Each structure stands twice: as C-alpha cells, then as structure tokens.
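Q: Show me how the following folds:
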Amino acid sequence: MAVLLLTACESPKELGVVPYPQYAQTTSKTVELPSTVTFSTNLAKSDMNDLLAYLPDFAIPMKLVNKNPFVTIEITDATDNPIAAEGYNLTVSKQGVNIQASSAAGAFYGLQTLAQLARNGKELPVTTIKDEPRFPYRGLHLDVSRHFFNTDYVKKQIDLVATYKINRLHWHLTDGAGWRLEIPGYPRLTEFAAWRKAANLQDWGKYDHRFCEKNEEGAYGGYYTEADVREVLEYARLRHVTVIPEIEMPGHSGEVLAAYPQLSCTGKPYTSGEVCIGNEETFKFFEDVLDEVIRLFPSRYIHIGGDEASRRHWKTCPKCQKRMKEEGLKDESELQSYMIARIEKYLNDKGREIIGWDEILDGGLAPNATVMSWRGTEGGIAAARMGHYAIMTPTAPLYLDYYQSRDTQNEPLAIGGYNPVDMVYNFNPIPESLTEEQAKFILGTQANIWTEYITTPEHLEYMILPRLAALSEVQWDQVENKSYDRFLDNIGHILAIYDVMGLNYAK
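A: Predicted structure coming up:
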C-alpha cells in the first residue's frame, strides 16, 4: 500500500481526498514535501509504539525527531473546541503540517488524509481541514467460506479499507461452503469441512457439494490457524480496523453437519443445512467454538448469522418439537429465536454482544442484539424503532458481488443484480421514516461481498473497486457534504492510484 497515495495529479485546487473532508479550505499555493518527513508527537507511549510499527508501510517515509519537525501530531483534550473521537484537524502551511486529534485513531486518519494530499510525493497544497465521521460503524464484509483468501490477501483488504477510513472488517469465517477457523477439539472442521474438489460453487455441484479430505488429490480450500488469526488481528489493530468474526448458525451450517452429522436433525450428513436446536450437543458445539472465538478476537461484537434457515427439518424432528413444547414455543420461528437468545446470553455473560442478519427479528428479537439489515432497510428500521442498534447492509445497493454494469456479457461473472457506483454513492443509511431519536440507533453501514463466483483476488478487486471509494463517502460524510459530481471529477485520480498499485478495478 505504500505507493498507493503518491500519484495525485489533480490541480492544486482539487484535494483528491476520499472520503472528502467535512470542511476543507484550500489554496493554489503548495509546500515542498521533504524526501524524509520528520515528525514529533505527544502520543501516549503505547500509541507511539503502534504508530512506529505501522509507519514502515505508510505511503510517506517518516522519521521521529525531537525538534524542528515538518509534521506535528498533537493529541489534545481541548474543552472549548473538542475534536470527535475519530476526528482530526489538519493544517498545511509554509511552516509544515499540524495534525490535531483527540485519539490515536483520529491521528491515524489525519495521516491518511496527509498521504492523499501528497502530489507525486513532492508537494502538499496549503490547506485547512476539519474532519470527523458521520457513523461510528463503517464496514466491509469479506466472505472467505465460499472462496478462501490467505492471510496476505486479507491484510491487503485491511490496507484498502484503512485508506478509506473504514474501521470494520466483517470476516465471514463459516458457511455451508467451508469452515475456515481451527477449533481445538473439533479437527474434522479443518481436516475435512474446509476442503472440496472445486473452487467455483458451480463446479462444486459436479461433486454433489461433497467435501473431501485435506490430503486428497485435487483438494481445494484452506483455513486459518491461531497464528494466522493473531497476525491478521495485529495488522488490523495497527490500522485502527476492528475485525468482527462471524460464526453462522443455525442455518448455513452444512459444512458443520458434514463433519459432525450427529448435530443435524436426521443424524446424517448432506441432508440439511440447519443444526438441530433440540439437541443439547448442538449448544455444546457452538459454545466451544465461541469460547475459542472469544479467546482469539477482542472485538465487542461477534456475528452469529441467523439468516436463511430452512425450518423444514425442525417441523418433523422429535427433538426440536420436544424443545418447542418444553419452552412453550408456538412455531419454528420462535424455536430459532430461542437459540439466538440462548447464544446471546452465553456471549453477554462473557462480556460480548451479538450481531445477526435481520432474520433474527423473526419470532422475537434477542434482548441485546444488533441487527444487520440486508433484505432492504426494513429490518434496520424495525430494530431502531424497538430501540435496538442496526447496521444498514441492503442488497441494493450494497452487495458488491452484484454487477456494476448492465453490459453483463463483458463483465466478470456475478451473482446477479445491478449496483452501479452511483447507486452506492447516493445511498443514505438513515431512512426519512425514522425520527431523530430513532435514527440514533443506526450505527452505520457496510458493503457485503460474497464469493460464490469469485475465485481469484483479481476478480474480488474488480467487484470492490471503485465502489469501495463511493461507499467510504456514504459512511464518512454528512449528506449535505456529499457531491457525486465532485466524486466523478476525482475518479481519474482514484483510478490512477489503483493503476500504480496494480489493482484490478471496474472501468
């Protein structure tokens, strides 16, 4: 990522910063950028160490000095003119650069803006910026179940989102197409349920969607060890990105049942994608998995899925029906809610909170759950009106595995749909139907990328870029500060950056 932000070619009056700052006053004057940029800071020792660990990957070579710095990074607690938690003030003058923030995250975002201001690595525009995000939750979802991406590529995604001041990576680690996290005591999850004979899900159909042994000839797949996870998490932490793990339940669990068929209603593999909620062993399994997730991941939130569960087997399963009778549940929707609420209590007791897809509203919402609204914005609206937090991730326009052009003949294979960059840019996560008080429960927004038909890093990049740049202004900018015309004027600069990085993007 180090060279990504050093190729700005716009005129001095154009900032070329994405997402665009809330307030910016610039001039045609410029300041020469030293070959090695010296800096000083009053960051706390631990934050200073984190910054020094990150700087070798920063776009601009920087060196810490005790006096006469070109860049001053100042953490301030001013009460008369406070700076928001992730906000920053940045001033470029003939004397150099001053970045003020109230947190290490704000200082980091100030540095990202500074890198984008750099023109050919040689000069900066004389500028005054005051900036802060609209939403606290700014996310990108990455599905590694349907296609496995190694740690190096996950870190590349973290670099990309950090550049755009996106602060959450939703890591979709488990699904019916493959289990990707090593769990002590459950070796078949990674020796068997992480491997198949085809990369593309269409081709996997030729093998009846069966898994294979890790060492079998032609096995495709992979998983993350504890060391892999810790490497990714530390990389993300230094870039102020929180990684939110997802463990799917009760549906999308075909890979679990292939490895441990006793957790299904039938007791047989490949007969269902839903676990048996009437079986106590099911809860023992997920509690063991979540204990490991808690041990590895520091994030307050853990995503527990909850979407697209078929209730067909629960209707005829003696164990599930017995559970419903004992718990006084009137239907299978309430049976699913029983499981979600029980898992939530387990996680709440350990100091964690759950996020679930909006189906967790069906049958009654767990007491402290946050809803991720994907089937439109209705789920998020319902949650906010109930006093629950919500994150807007509607398929239209925020599913980035949808086509970007109507000319699908000349586009890479996509799952369908049509979400062009202008639709992404013009999305407003807070519907007009919400009152001002209800709107406070919308934490933010996230784009989702699913990888049924994405089997290479280049294909993934094509689907994300440049829509990720458009998303960042949805997440960061106030509505009145957005301008699609300004974004289009800046698109040449954005694409030039991708060219230098060797990224594959939609033209």
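
Q: C-alpha from now on. contacts and neighbour counts both.
A: OK.

Q: Moving C-terminal from whichever strand or helix holds residue 281, which element do we reach first?
A: In this assignment (DSSP states H and E), residue 281 forms part of helix 280-296. On the C-terminal side of helix 280-296, the closest following helix or strand by DSSP H and E is strand 301-305.

Q: related to what we said a few turns ago, tell me which other helices or strands the helix holding residue 281 touches.
A: If contacts are counted by 3 or more CA pairs under 8 Å, 6 or more residues apart in numbering; DSSP states H and E, helix 280-296 sits against helix 226-238, helix 332-348.

Q: What is the first one packed up against?
A: In terms of contacts (3+ CA pairs under 8 Å, 6+ apart), helix 226-238 is packed against helix 45-54, helix 151-163, strand 242-249, helix 280-296.

Q: any idea of the angle the helix holding residue 281 forms with helix 332-348?
A: 40 degrees (axes from the mean of the first three to the mean of the last three CA atoms, to 10 degrees).

Q: any idea of the angle helix 280-296 forms with strand 242-249?
A: Using the same axes, to 10 degrees: helix 280-296 against strand 242-249 is 170 degrees.

Q: so how far is helix 280-296 from its chain's centroid?
A: Relative to the chain's own centre, helix 280-296 is displaced by 23 Å; criterion: CA atoms, centre = their mean, to the nearest Å.

Q: Please list the residues outside that helix that contact it.
A: 183-184, 226, 229-230, 245, 263, 275-277, 343, 346-347 (CA atoms under 8 Å, 6 or more residues apart in numbering).

Q: With neighbour count added, can I get those residues in JSON lines?
A: Converted to JSON lines, these look like this (neighbours: other CA atoms under 10 Å):
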{"residue": "183", "neighbour count": "19"}
{"residue": "184", "neighbour count": "10"}
{"residue": "226", "neighbour count": "14"}
{"residue": "229", "neighbour count": "18"}
{"residue": "230", "neighbour count": "14"}
{"residue": "245", "neighbour count": "23"}
{"residue": "263", "neighbour count": "25"}
{"residue": "275", "neighbour count": "27"}
{"residue": "276", "neighbour count": "25"}
{"residue": "277", "neighbour count": "24"}
{"residue": "343", "neighbour count": "21"}
{"residue": "346", "neighbour count": "16"}
{"residue": "347", "neighbour count": "20"}
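
Q: What is the nearest of those to residue 413?
A: Distance to residue 413, by CA to CA, is smallest for residue 245 among those, at 27.0 Å.

Q: now the residue lying closest to the closest one once chain neighbours are set aside: how far from residue 141?
A: Closest residue in space to residue 245, ignoring its immediate chain neighbours: residue 171 at 4.9 Å, by CA to CA, 6 or more residues apart in numbering. Taking CA to CA, to the nearest Å as the measure, residue 171 and residue 141 are separated by 6 Å.

Q: picking up where we left off before, so which of the contacts of helix 280-296 comes closest to residue 198?
A: Nearest to residue 198 among those, with distances taken as CA to CA, is residue 183, at 23.8 Å.

Q: Quick check: the gap between residue 33 and residue 204.
A: From residue 33 to residue 204 the distance is 53 Å (CA to CA).

Q: can you tell me which residues contact the residue nearest to residue 122 when sequence neighbours are not counted?
A: Closest residue to residue 122 apart from its sequence neighbours, by CA to CA, 6+ apart: residue 33 at 4.9 Å. With contact taken as CA under 8 Å, 6+ apart, residue 33 is in contact with 118, 121, 122, 123, 124.
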